[in-house]
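Undergrad: when you get a sec, could you give me coordinates for this:
(2 chains)
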There are 2 protein chains.
Amino acid sequence: MTATKFDYTPLLAPGLPPAVARWSGRVKFDFTGGNNDPDRLPLEGLIAAAESVLRREGRKLAIYGVDNGPQGYRPLRDFLAGKLRVDAGIACGADDIVITSGSNHGLDLVNATFLARGDTVIIEEDCYQSVINRLNRIGTRIVGIPLDRDGMRMDALSNALDDLKRSGIRPKYIYTIPTVQNPTATILPLERRHEMLRLARAHGVLIFEDDCYADLTWSGERPPAIFALSEAGGVIHVGSFSKSIAPALRVGYVVAPWEVMSRMLALKTDAGTGALEQMMLAEYCTKHFARHVPELRQGLRAKLETLMDSLREHFGTTVTFDDPKGGIFLWVKLPDHVDTMKLYESALARGVAINPGQQWSVNKAHSRSRLRLCFASPSHEEIHAGIAALAEACRTDFGMSKDGV
Amino acid sequence: MTATKFDYTPLLAPGLPPAVARWSGRVKFDFTGGNNDPDRLPLEGLIAAAESVLRREGRKLAIYGVDNGPQGYRPLRDFLAGKLRVDAGIACGADDIVITSGSNHGLDLVNATFLARGDTVIIEEDCYQSVINRLNRIGTRIVGIPLDRDGMRMDALSNALDDLKRSGIRPKYIYTIPTVQNPTATILPLERRHEMLRLARAHGVLIFEDDCYADLTWSGERPPAIFALSEAGGVIHVGSFSKSIAPALRVGYVVAPWEVMSRMLALKTDAGTGALEQMMLAEYCTKHFARHVPELRQGLRAKLETLMDSLREHFGTTVTFDDPKGGIFLWVKLPDHVDTMKLYESALARGVAINPGQQWSVNKAHSRSRLRLCFASPSHEEIHAGIAALAEACRTDFGMSKDGV
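TA: Here you go, the predicted model:
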């Protein structure tokens, strides 16, 4: 008897996203995603940390959460409390922090705590793709606020909040990446942080501060976190080790007051984030984080220089960008007639992967001829060769020349 | 100026579960959860594996998913494909497997792919608490099927499917833990597996097979997985390293055909499971899994003997249970008048934590005087002393004696 194949289709939930294609490996010149520099990974330190912490307390892996409760490995939360105080000006203790499986998991927990279909949220109009996708999947209405060279524009935020108020809509939160914004790499100055707090307060809106890139300002200097500036609360802060140590280690965190934390923990049904990664990070970071990060920044800055030089060499005056304030991304503007969704296909055929601007923005017209380039993971040689190949795609398929459109 | 505290309450999503209480540490005698035996954790092997794999390819941690695509670390999927073939009779390749952050994450992905509010699902009436909680949170209608000493009763399943059909309801799936069921530790015999497949097929219902405990049968023998017995598909298989290696490492997996896999991956927005844990497990398990698991089983069986002896000593004839077929749990029946939700409080006051039956069952009457005891994590001495303290609680607060109610 030959069995007829089971038909799964009638059983699928309604409204699923389209099926994915099979993974076919990375391309030769990969400027996408948030990958980091393999050469700057502190491998020896991580190996030593893993062995040390496993020898000391590895047997606790037999207990969920290594017997540290639902908020994560205590020494890692202690490290974070200290780091956040020194770096971001945040006064918090280990009990105000929950370790998550990457900052995306933090986004999910905060979203599940506050958002329902039909809710309105405010974001920077050029914004982290995963945030936009998550909000669309939940069914929220997204209001995008334009940025300038100093991040989110407070005049536009003020107008948007007033407009919403007139329509009887109270947005749930203002999501912002104030320190090395993704994708624009801007830093919101102190006075704008105070202004955002004032506006959020006046409208009874939460601020959701994503500080994932904040360790990677070139100078090491940064304004205090918005969380740190609020006397009255109303700010939730999320961060990650993906950019400062390694993205394949899925470890992030959320800082929130207990009123919010106790609701998020009720929704946190994952039985904890991988304990070994938490343990290794705590062991490594407590000793070496402060020394490692400046070395990483230096390496990233050198790669950015290579990228900017390559762009100038191969694109001449047809490409514009601002010098990023830190991080791993360059947000690039091509001539208006170049649709980077189409360039994506054309570049891919030449072994170059880019992130088209439309996927990192809710303003489709503004982002149509923009793209995001990650310079952290390709080598200097790959950056040179990849940008040459990208320029070739632009010339051949979009009729671009070095000196004009 | 003193700022008035921000009020989060009006912003919370509707229908949230109640806030959790602050974690106050584990009790002295902890028989709850799925914790394992710290003494049987293969610590030296794991340390060596972590160092070895990090030295060889640790720099790839700088790349999301260590450049192995969205389904997880390839060597771990290769190990699993081999293990599943040998142990469970499943013919699958690495492309049919996705690594998840524990089996709970697998539950979430499968549920998100198939379930919407109002859907009906079938489960064993005594069932894993996290499954029941997840289904309730989604808003599904749960139909519980009673178990006997051979697991889910096929006569009852057949009747339930017929009843649902008469009401025009097609359930989305039959969730089952066929091999060392949680909490009853029963094993579904081969003929029942075939019968379940026949019934599921006749009604166009998916089978969702959870094999998390299947490595831990006392003999090492087990029937083929239901997934392996289906010629036509229609089965999704989930498993975990939590019970065979360590629960604090959050690594599980789902085996599914591409039609389902490609929809699940579209919903998988976590940017991957912790790569270090996957790498360490692949390195360790490829060499040592087959030798480690029998040693673990032996240790668990010895603890179970201690638990059963202690129960007989302190409870006499007032307690009944079947000898589990494997695993880490004993499902215990107390006299009818004992409400184990109340016993939970009473025991806790004596430093003993138990899982009350009602949290592990959708049949409240049947489970009211039952409890689940995990014997894997407490030491032999703690099992002795903890059961003595539990018996004391039963005597003092519920008037139980050794020889009767």
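
Undergrad: pull the CA atoms of stretch A:152-166 into PDB?
TA: Provided in PDB are the C-alpha atoms of stretch A:152-166 (Å, rounded to 0.1, in the frame of the first residue of the first chain):
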ATOM      1  CA  MET A 152      15.200  61.400  16.100                       C
ATOM      2  CA  ARG A 153      13.900  64.900  15.400                       C
ATOM      3  CA  MET A 154      12.100  66.200  18.500                       C
ATOM      4  CA  ASP A 155      10.000  68.700  16.600                       C
ATOM      5  CA  ALA A 156       8.600  65.800  14.500                       C
ATOM      6  CA  LEU A 157       8.000  63.700  17.600                       C
ATOM      7  CA  SER A 158       6.200  66.500  19.300                       C
ATOM      8  CA  ASN A 159       3.900  67.000  16.200                       C
ATOM      9  CA  ALA A 160       3.300  63.300  15.900                       C
ATOM     10  CA  LEU A 161       2.300  63.000  19.500                       C
ATOM     11  CA  ASP A 162       0.000  66.000  19.200                       C
ATOM     12  CA  ASP A 163      -1.600  64.600  16.000                       C
ATOM     13  CA  LEU A 164      -2.200  61.300  17.700                       C
ATOM     14  CA  LYS A 165      -3.700  63.000  20.700                       C
ATOM     15  CA  ARG A 166      -6.100  64.900  18.500                       C
END
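
Undergrad: all the strands of the stretch 251-400 of chain A, residue numbers only.
TA: Assigned by DSSP state E, counting those that start in this stretch, the stretch 251-400 of chain A shows strands spanning A:252-255, A:329-333, A:352-353, A:355-356, A:370-374.

Undergrad: repeat for the stretch 1-150 of chain A
TA: Per DSSP E, counting those that start in this stretch, the stretch 1-150 of chain A has strands spanning A:29-30, A:97-100, A:120-124, A:141-145, A:147-148. These are given in chain order.

Undergrad: any idea how far the third one is from the chain center?
TA: The offset between the C-alpha centroid of strand A:120-124 and the centroid of the whole chain comes to 16 Å, using Cα atoms, centre = their mean, to the nearest Å.

Undergrad: do that strand and chain B meet?
TA: No - looking at strand A:120-124 against chain B by Cβ under 8 Å from any Cβ of the partner chain, there are no contacts, and the closest approach is 10.9 Å. For the C-beta atoms, the positions are set from N, CA and C on the backbone; glycine is no exception.

Undergrad: in its sheet, what does that strand sit against?
TA: When pairs are called by DSSP bridges, strand A:120-124 turns out to pair with strand A:141-145 (parallel), strand A:173-176 (parallel).

Undergrad: now the last one, how far from the centre of its chain.
TA: Its chain's C-alpha centre lies 14 Å from the corresponding centre of strand A:173-176 when counted by Cα atoms, centre = their mean.

Undergrad: tell me the helix or strand right after it.
TA: helix A:190-203 (DSSP states H and E).

Undergrad: mind saving the C-alpha coords of that next one as CSV?
TA: Taking only C-alpha atoms (Å, rounded to 0.1, in the frame of the first residue of the first chain), the coordinates of helix A:190-203 have been written out as CSV:
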residue,chain,number,x,y,z
LEU,A,190,21.6,64.9,25.8
GLU,A,191,19.2,67.8,25.3
ARG,A,192,17.1,65.7,22.9
ARG,A,193,17.0,62.9,25.4
HIS,A,194,15.6,65.2,28.0
GLU,A,195,13.1,66.5,25.5
MET,A,196,12.0,63.0,24.5
LEU,A,197,11.4,62.3,28.2
ARG,A,198,9.4,65.4,28.6
LEU,A,199,7.2,64.7,25.6
ALA,A,200,6.8,61.0,26.6
ARG,A,201,5.8,62.1,30.1
ALA,A,202,3.4,64.7,28.9
HIS,A,203,1.6,62.1,26.7
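
Undergrad: for that helix, buried residues please.
TA: For helix A:190-203, a neighbour-count test (16 or more other Cβ atoms under 10 Å in any protein chain shown) marks A:192-193, A:195-197, A:199-201, A:203 as buried.

Undergrad: the nearest residue in space to residue A:264 that is not next to it in sequence - how many residues pack around it?
TA: Distance criterion Cβ to Cβ, 6 or more residues apart in numbering or on different chains; nearest residue to residue A:264, sequence neighbours excluded, is residue A:109 at 4.6 Å. Using other Cβ atoms under 10 Å in any protein chain shown, residue A:109 has 24 neighbouring residues.

Undergrad: you'd agree residue A:109 is up against residue A:269?
TA: No - assessed by Cβ atoms under 8 Å, residue A:109 is found out of contact with residue A:269, at 10.3 Å.

Undergrad: between the longest helix anywhere in chain A and strand A:329-333, how many degrees?
TA: If each helix of chain A is counted by residues according to DSSP state H, the longest one is helix A:275-315. Orientation note: helix A:275-315 sits at an angle of 30 degrees relative to strand A:329-333 (axes from the mean of the first three to the mean of the last three Cα atoms, to 10 degrees).

Undergrad: and residue A:108, what does it touch?
TA: By Cβ atoms under 8 Å, 6 or more residues apart in numbering or on different chains, the contact set of residue A:108 is A:134, B:269.

Undergrad: hmm, I was thinking of residue A:251
TA: Contacts for residue A:251 were tallied using Cβ under 8 Å, 6+ apart; they are A:76, A:99-102, A:240-242, A:273-274, A:277-278, A:281, B:274.

Undergrad: likewise for residue A:200?
TA: If a contact means Cβ under 8 Å, 6+ apart, then residue A:200 has A:174, A:206-207, A:234 as its contacts.

Undergrad: cool, residue A:266 as well?
TA: B:16-20.

Undergrad: filter those residues down to the ones close to chain A.
TA: B:16-20.

Undergrad: rewinding a little: switch the strands paired with strand A:120-124 over to TSV; also include mean neighbour count.
TA: Shown next, in TSV, are those (neighbours: other Cβ atoms under 10 Å in any protein chain shown):
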stretch	mean neighbour count
strand A:141-145	19
strand A:173-176	26
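
Undergrad: turn those into a markdown table, including mean pLDDT.
TA: Formatted as a markdown table, the strands paired with strand A:120-124 follow (pLDDT from 0 to 100):
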| stretch | mean pLDDT |
| --- | --- |
| strand A:141-145 | 98 |
| strand A:173-176 | 98 |
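
Undergrad: out of those, which gets nearest to residue A:44?
TA: strand A:173-176 (36.4 Å; Cβ to Cβ).

Undergrad: what's in contact with the closest one?
TA: A:110, A:114, A:121-124, A:127, A:131, A:151-152, A:157, A:188, A:196, A:200, A:205-210, A:226, A:236, B:11.

Undergrad: out of those residues, which end up buried?
TA: Applying a neighbour-count criterion of 16+ other Cβ under 10 Å, the buried members of those are A:110, A:114, A:121-124, A:127, A:131, A:151-152, A:157, A:188, A:196, A:200, A:205-210, A:226, A:236, B:11.
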